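Undergrad: Attaching a predicted model along with its sequence, questions to come.
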Amino acid sequence: MRKLLRSQRKHTPKATNKGLYQRAIKQSFLKLDLRHAIKNPVMFLVWIGTIITAFVTINPNLFGDVADSNQRVFNGLITLILFFTVLFANFAEAVAEGRGKAQADALRATKSDTIARKILPDESLEEVNSTSLKRGDIIKVIAGDIIPADGEVIGGMASVDESAITGESAPVLKQPGTDIASSVTGGTRILSDDLTIRVTADPGQGFIDRMINLVEGAERSKTPNEIALTVLLAVLTQVFLIVIATLPPIANYVQNPVTVAVLVALLVALIPTTIGGLLSAIGIAGMDRVAQFNVIATSGRAVEACGDINTLILDKTGTITLGNRLAEEFIPVNGHSVEEVAKIALISSLFDETPEGRSIVSLAKNLGVVLDFDTNIATGVEFSARTRMSGTDLPDGIEVRKGAVDAIKGFVRSRGGQLSTNLDENYEKVSRLGGTPLAVCQGSDIYGVIYLKDIIKPGIKERFDQMRRMGIRTIMLTGDNAITASVIAAEAGVDDFIAEATPEDKIEVIRTEQAKGKLVAMTGDGTNDAPALAQANVGVAMNSGTQAAKEAANMVDLDSDPTKLIDIVTIGKQLLITRGALTTFSIANDVAKYFAILPAIFAGVGISKLNVMGLSSSQSAILSALIYNALIIPALIPVALTGVKFRPLTADQLLQRNILIYGLGGVIAPFIAIKLIDVLISSIGLV
Amino acid sequence: MGQGFLQIILTLIIVIILTPILGNYIANIFLGKRTLFDSFFNYIEQKIYILMSIRNQESMTGWQYARNILISNLLMGILVFFILGIQPLLPFNYTQLTAPSWDLALHTTISFLTNTDQQHYIGETSLNYASQVFGLGFLMFTSAATGLTVGIAFIRGLTGKPLGNFYVDLVKSITRILLPISLIGAIILIFTGVPETWASPITINTLEGSSQIIPVAPLAHFEIIKQLGENGGGFFGANSAHPFENPTPFSNLIETVAMLSIPTALIYTYGIFAENKRQAWLIFSMVLTLFIILIGITAVGEYNGNELINNIIGVQNPNLEGKEVRFGWSQTALWAIATTATMCGAVNGMLDSLMPSGSFSTIFNLFLQIIWGGQGTGTAYLFIYLILTVFLTGLMVGRTPEFLGRKIEKQEIILASVILLIHPIAILIPSAITLAFPETLAGISNSGFHSLTQVIYEYTSAAANNGSGLEGLGDNTLWWNLSCSIVLLIGRYIPIISLLLLADNISRKQPVPQTTGTLRTDTVLFTTVTGGVILILGALTFFPVLILGPIAEGFSLGG
C-alpha cells in the first residue's frame, strides 16, 4: 500500500542524471586541491602520503632507505594505488553532489528572473526585476505571470498552477484572508485573474532558493553527529600516525628496517579511509533523499533529529483518516422509517456541496429515494459555525435541517417540538462506532441520525505498529468527542489521543512530552499551529499552509501530505544507520589489513606463522591490502548513496542485524578479498 | 597441572563472591546510605573535616574536582619529596642511609603519588623505615583514595548525579574503605608471619662465618595497603617474592584477593548507581573472560616451560626460573596477570623471567588498562570504551547515540578521545626515542626481542600507572628517571582531568526516556560488541610492538 501511495505521488521536475559520472570524474580531480582536501582530515593524510611515496618513487633513497632492485616499481605501484584511493573518495563525494546538483538545476529552470510589478506607496505601479524584491514589498501579478517571490495574498482571487513545486497539476484557488489559500510560492504560475501579494521572503531566501541550496549542498553544514564522528575518526588517525611515526626506531632496533613507502602504506591501510572517504557522500545523499520526497528541510540537523523522534503528534483528519467522512447509515428515531430519514437527509443536503453532503445524497439515492418536487423551488441554508447546521427551506415554509445533534436539539426545541427518547441512545451508538452522528429534522420533528463514517487510511495501522516497534509513540489530535476519538484511536492503532483538541492543546502536549526528555515531531498548516510547530523538535508544515506555519517549521512538505512525517522519520534513521554501518565496517577492516601487512613488513623477525592468509610475498601482501583499501570505497558508494535499507525493527534487532553484516562482515570480508587480490596480482606477475 | 589450575579457580571464586559484598558497601558509602559503624565513622570524619577545615562540602563541578585533585596531589608530592630529601635526618635510620639522588627522589615521589610505585631503587638499601612509612606509606593511602574518588565521581556523573566533593570522597575512601580493610588484612598477614616492627635490622653470623644484615620492618600494614590500593611498591627490592612480604601460600592468597577486590567491586558499585545490576554483571563477565583468557595463556606457557631447556635436560619441567617454589607456576602466573590487570604492580616472581606468552599477556594488560584496571580509573576507562562502542555502533539503530539516556556528542567524544590518544603517545614516543639510542639511553641487559619488550614495558608500566617492571633494565639513570616521571604524570593526570570533565558534561544532560527504539547497553550482544571494540581500538594500536616484542620472541623459541 505504501509503495502504491508513493508511486502515485508526483514529484518535482525530474532531475536528469545524464553526464553525471563524467562530471563527477572531473570533479574528483578538481577536489585534489589541497585547500579542499584539508577539510577531510583522513583523506588529506592519504593525499600527503601519496605525495611522499611519489618522491620515493623518483628517488627510493631519499630518506636513506636501502633500496631493493625493484624498489622503484613497488613504490610507484603504492603511489598509484594511494592516488586512486584519494580519487575514489573524491568521486564518491562528487557523485552525491552531482545528483543533488542535477535536481537543483531542474528546480532552477523553473525560476527565471522575471519582471515584477511593484505597487509603490502612492498606489502606482513600477516594473522592477524580481531579484530586487524585498520582504514587505507589495506586488501585483496577473494571469499568465510567474509569481516572482514567495508571498501572502492580500487582495484578489485567482487560480494558480503550483505543479512546478508540488507536481500537482490541478490549479489551486488563492484568495486573501483564509488560512490555507493565502500563501503563494515563487516560481508558480497564475492562471486566471490577478492577485495582490505581499512579499514574505528576501531575494535568494525563497522556497526554491532554499531547496536549491539544500540539494546542491552549497549550504551544507556538518550535522552535530557528523562532527562528533569526524572528531573520532581524526583521533583514530592520529593514534595510527603515532604508531607509524614511532615504528622506524623500534623496527630498526630488531634489525628489521621498514622503508618509508611501506610505512605510508601501513598508515593508509590502518586509518579509517573507507568511512573517511564516504562520510560526506552519506550526508549529502541523506539530504537528497529528503528532497526527493518533496520535503524541504531547513538543515541537515533537522533531518538527523528525525531519527531521534520519540513522539509523533498527528492530526486525525487527513493523516489518520481520509479527509472526508462518508455517510454510512440512516438511523430513524421517533418511529420514522429508514426511507423517511433518507428522504429528509437528502432534502437537507441538496445544497450541501461538501464531500459529506454529496455522500449523504448518494447514499439516499442508493436506497431508492426519489424526490417528488422540483428542487429549483427550494432554497439552501448554509452551514455556519454559529448555528452548526445547514439545510434546505422548502417554499411551503417547511424547514429541513441537519447538523450536530446538540444544534438540532436546540432547533427542534425552538420550533416547539418534542425530543425523542432514543435520539441520545443512537447518538451514542454512532459515537461508539467511531462515527460522527448528525441529526436531521423537519420543522419540530426529529427524523433520525445520519451515521458519518470516518475512513481510516488503508495501511495506517501497520505504519503505527512499525512506529511502536521503533519506540515511537503516536498521539492523535482531533476535534471529535471523546467516544468517537477513542474508537478511531483504537482502530488506527495510535498510542494515545486527545479529543476535542484546540491548537493550545497541541502545544501543551508537546511541552509535556518534551519535559520528559522526549523529542516531538508534528505536522501543521494553520497559523494557529505556528507556535506548536516552532516548539516541536521537528515541525513539518504543509506547503498549502500559511506562511507563518511554514516559517515556524523546520521542514515543509511540498505535497502537503501529513502522512509523510512517518517517511521523514525513516529517512532520518536511515541516514544515521548508514553512517554507523560504514564506520563499523571501516574499523572492523583493520584486523585483516594488519594480518596482511604486518607479517609482510616484519618478515625478518621470523613471524611467518602470522601470515594466516598465506599471501604469496611481502610486496604482494602490502599491495593487496592497499588495493582492497582503495576498491572498497567505490564498492560502497551505492550503499552510501541509497542508504542501508531501514527495517522497522526494535533497536536490539537492528543492532544484531547490522553488527552481523557490517561488524562481523567487516572483519571477515577483507580476509577473503585480500587473499583473492593477492592470488590475482601474483598470477599476473605484477610483483 | 590440575592442582595448579584448581588454585587459580578457587582464588577467582573468592574474588567473585567478594565482588557484590564490597561493591555494595562502596556504593552505600558514596550514596550516603547507612553503613557499618556509621556513627563511629561519622564522628571521626567530622573531626577530620574540622581539622582540614573542609567547611564547604558542596558538590564540585568536573573542573573544580580536577583542580582540587591537582592541588592536593602537588602539595603531597612536595611533602614526600622533602621527606626523601632529608632522609639522613629522619629517625629509624638504622643503616645510616644517605638521601637518594634528586632525580631518583623525584621519580620515586611521582611514582608513588600517581599510584604507580614504579621503583628505580632497592627498598632495603635506599630508603629507611621513616621514608618508607611516613613518605611512601602515606602516598599509598592517598593515591589509592584519589583514584577511587575519580572512579566514584565518574560513575556519579555517568549516572546523572552531581560529581560530589573531592575532599569528602577522599576522606571517606580512606576512613571507611582503605583503613579498615588494611587493618584487618594487616592483622591476618601478621599471623601468616609478616613482621610488623620498628626494631633495627638483625645482624646474624652465617654458617660461612660472615655477617649478614637482615632487615625487618613495620611491614604488615605497608604490605596490605600496597596490595589493596593497587600501589605495588615493595618495602624490599624483591617485593612480594620476599619471604617477609609474602611468606606463605595463604598470605599469597590474601594479597592476591586484596589487589583484585576493589577494581572488581567497582563495576558492581556502578551497577547500583545505575540501578542496573544486570549490566554490571555483564560487563564484569566480559572483563572476567578476558582476564581468564590471559591467565590461561600465561599459566599454560609457564606450565609447559621452555622447550629449548626441556629438550636439553630431557624432562618436561614448568618454567620455574625467577619464581618462588612456595607459589609455583600457577600462583605466579595468576599473580602476574592480576598485578598487571589491576595496575597493582607488585610481583611474587620475576616478570622478566616469564615465558613470551606471559610477557605478551602482562604487557597486553597494561596496553588495555581495563581488564579490571587501576583503582577507580580502570573502571572509568572501561566505561569510556562503552561510550565509544555506543557511539560507533549506536548509530546503527538509527538514533544519535546515547548512553544511560544521555546523548553522546562532540564534547564527550573529544574527552573520550583524550584517553584513547594519551596512552600511545606516552608509551610509543619515549620508547622510540630510547630505542633509537640504545647504547646511551637504554641500559639494556638482554638483547633482541626481549630487550625491546623491556624498554616498552617500562614506559607502558609508567603510562598505565602500574609500576611493575622487567627487572633486567638498568633503570636508575637520569634519562630513565626523568622520562618515566613525565610519562607517569601524563598517564595519570591528563586522563583524570578528561574523565572528570566528561562525567560532568554527561551529568548535566537531559536524560532521554528509554523506548524499544533505544539501544540497550545491558545485553549480551552489546557487551560482546564492546569487547570487540576494546580489542580493536585498544589493542590494535600496540599490535606492531607486540609482534616485535613478545610474539617474535615466542616464535624464536619455536613456539
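TA: Good, I have the coordinates. Numbering: from 1, shown residues only, chains lettered A, B, ... in the order given.
Undergrad: buried sites along stretch B:34-47?
TA: B:35, B:41, B:45 (16 or more other Cβ atoms under 10 Å in any protein chain shown). Just so you know, the C-beta spots here come from the backbone N, C-alpha and C atoms, and that holds for glycine as well.
Undergrad: Sheet partners, orientation included, of the longest strand along chain A?
TA: Longest strand in chain A by number of residues, with DSSP state E as the criterion: strand A:151-161. In the sheet, strand A:151-161 lines up against strand A:172-174 (antiparallel), strand A:183-184 (antiparallel), strand A:189-190 (antiparallel), strand A:194-199 (antiparallel) (DSSP bridges).
Undergrad: ok, the residue of chain A positioned farthest from its centre - contacts?
TA: Going by Cα atoms, centre = their mean, the residue of chain A most distant from its centre is residue A:255, 58.6 Å out. Residues in contact with residue A:255, defined by Cβ atoms under 8 Å, 6 or more residues apart in numbering or on different chains, are residue A:604.
Undergrad: quick revisit: can you add mean pLDDT and give the strands paired with strand A:151-161 back as CSV?
TA: Below are these laid out as CSV (pLDDT from 0 to 100):
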stretch, mean pLDDT
strand A:172-174, 78
strand A:183-184, 80
strand A:189-190, 82
strand A:194-199, 85
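Undergrad: Now mean neighbour count too, for these, in CSV please.
TA: Converted to CSV, the strands paired with strand A:151-161 look like this (neighbours: other Cβ atoms under 10 Å in any protein chain shown):
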stretch, mean neighbour count
strand A:172-174, 19
strand A:183-184, 24
strand A:189-190, 20
strand A:194-199, 22
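Undergrad: Adding distance to residue A:486, write those out as CSV.
TA: Formatted as CSV, the strands paired with strand A:151-161 follow (distance: least, Cβ to Cβ, whole Å):
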stretch, distance to residue A:486
strand A:172-174, 35
strand A:183-184, 35
strand A:189-190, 45
strand A:194-199, 43
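Undergrad: Ok, which of those comes nearest residue B:336?
TA: strand A:183-184 (75.9 Å; Cβ to Cβ).
Undergrad: Name the surrounding residues that touch the closest one.
TA: Outside strand A:183-184, the residues touching it (Cβ under 8 Å, 6+ apart) are A:147, A:150-153, A:160, A:174, A:195, A:197, A:200, A:545-547, A:550.
Undergrad: From the residues you listed, pick the one nearest chain B.
TA: Among the contacts of strand A:183-184, residue A:550 lies closest to chain B (Cβ to the nearest Cβ), at 26.2 Å.
Undergrad: chain center to the helix or strand where that closest one lies, what's the gap?
TA: For residue A:550, the element it lies in under DSSP states H and E is helix A:547-552. For helix A:547-552, the separation from the chain centroid amounts to 18 Å (computed by Cα atoms, centre = their mean, to the nearest Å).
Undergrad: so who does residue 251 touch?
TA: Since no chain was named, I'll use chain A. A:257, A:258, A:601, A:602, B:544, B:548.
Undergrad: ah, I was thinking of chain B
TA: Counting by Cβ under 8 Å, 6+ apart, residue B:251 touches B:189, B:192, B:193, B:194.
Undergrad: Show me these that map onto helices.
TA: In helices, defined here by DSSP state H, the members of the contacts of residue B:251 are B:189, B:192.
Undergrad: got a winner among the contacts of residue B:251 for most neighbours?
TA: residue B:189 (29 neighbours; other Cβ atoms under 10 Å in any protein chain shown).
Undergrad: List the contacts of it.
TA: So residue B:189 contacts B:220, B:223, B:224, B:251, B:254, B:255 (Cβ under 8 Å, 6+ apart).
Undergrad: How many neighbouring residues does the fifth one have?
TA: To tie it back to what came earlier, the one meant is residue B:254. If you count neighbours by other Cβ under 10 Å, residue B:254 ends up with 20.
Undergrad: Now residue A:332. Nearest residue, chain neighbours left out?
TA: Here the nearest residue to residue A:332 in space, its sequence neighbours aside, is residue A:448; by Cβ to Cβ, 6 or more residues apart in numbering or on different chains that works out to 4.2 Å.
Undergrad: Paired strands for the helix or strand hosting that neighbour, with orientation please.
TA: Using DSSP H and E, residue A:448 sits within strand A:445-453. Paired with strand A:445-453 in the same sheet, following DSSP bridges, are strand A:326-332 (antiparallel), strand A:436-442 (antiparallel).
Undergrad: what's the closest of the ones you listed to residue A:285?
TA: Residue A:285 lies closest, by Cβ to Cβ, to one member of the strands paired with strand A:445-453: strand A:326-332, at 41.9 Å.
Undergrad: from the chain's centre, how far out does the closest one sit?
TA: The answer for strand A:326-332 is 39 Å, by Cα atoms, centre = their mean.
Undergrad: Tell me which residues of that strand come out buried.
TA: Buried residues in strand A:326-332, counting neighbours by 16+ other Cβ under 10 Å, are found at A:326, A:327, A:328, A:329, A:330, A:331, A:332.
Undergrad: Equivalent analysis for stretch A:136-156, please.
TA: Applying 16+ other Cβ under 10 Å to stretch A:136-156 flags A:137-141, A:145-153, A:156 as buried.
Undergrad: so what's residue 507 closest to, chain neighbours aside?
TA: Since no chain was named, I'll use chain A. residue A:532 (4.4 Å).
Undergrad: please go with chain B instead
TA: Spatially, and ignoring its direct neighbours in sequence, residue B:507 is nearest to residue B:157 (4.1 Å; Cβ to Cβ, 6+ apart).
Undergrad: what's the neighbour count on the one you found?
TA: Other residues close to residue B:157 by other Cβ under 10 Å number 28.
Undergrad: again with residue A:58
TA: Using other Cβ under 10 Å: residue A:58 sits among 11 other residues.
Undergrad: Equivalent analysis for the one 4 residues further on, please.
TA: The number of residues packed around residue A:62, counting by other Cβ under 10 Å, is 15.
Undergrad: for residue A:660, same thing?
TA: With other Cβ under 10 Å as criterion, residue A:660 counts 11.
Undergrad: quick one: it is in a helix?
TA: Yes: looking at residue A:660 with DSSP: H, G, I helix; E, B strand; the rest coil, it is inside a helix.
Undergrad: Does residue B:420 touch residue A:237 like I think?
TA: No: Residue B:420 sits out of contact with residue A:237 when judged by Cβ atoms under 8 Å, with a separation of 11.5 Å.
Undergrad: Is stretch A:565-576 positioned near chain B?
TA: Yes: shown here: stretch A:565-576 in contact with chain B (Cβ under 8 Å from any Cβ of the partner chain) through A:572, A:573, A:574, A:576.
Undergrad: Please tell me how far the closest residue to chain A within the stretch 351-500 of chain B sits from residue A:282.
TA: Closest to chain A within the stretch 351-500 of chain B is residue B:395: 2.6 Å, counting by Cβ to the nearest Cβ. Using Cβ to Cβ, to the nearest Å, one gets 11 Å for the distance from residue B:395 to residue A:282.
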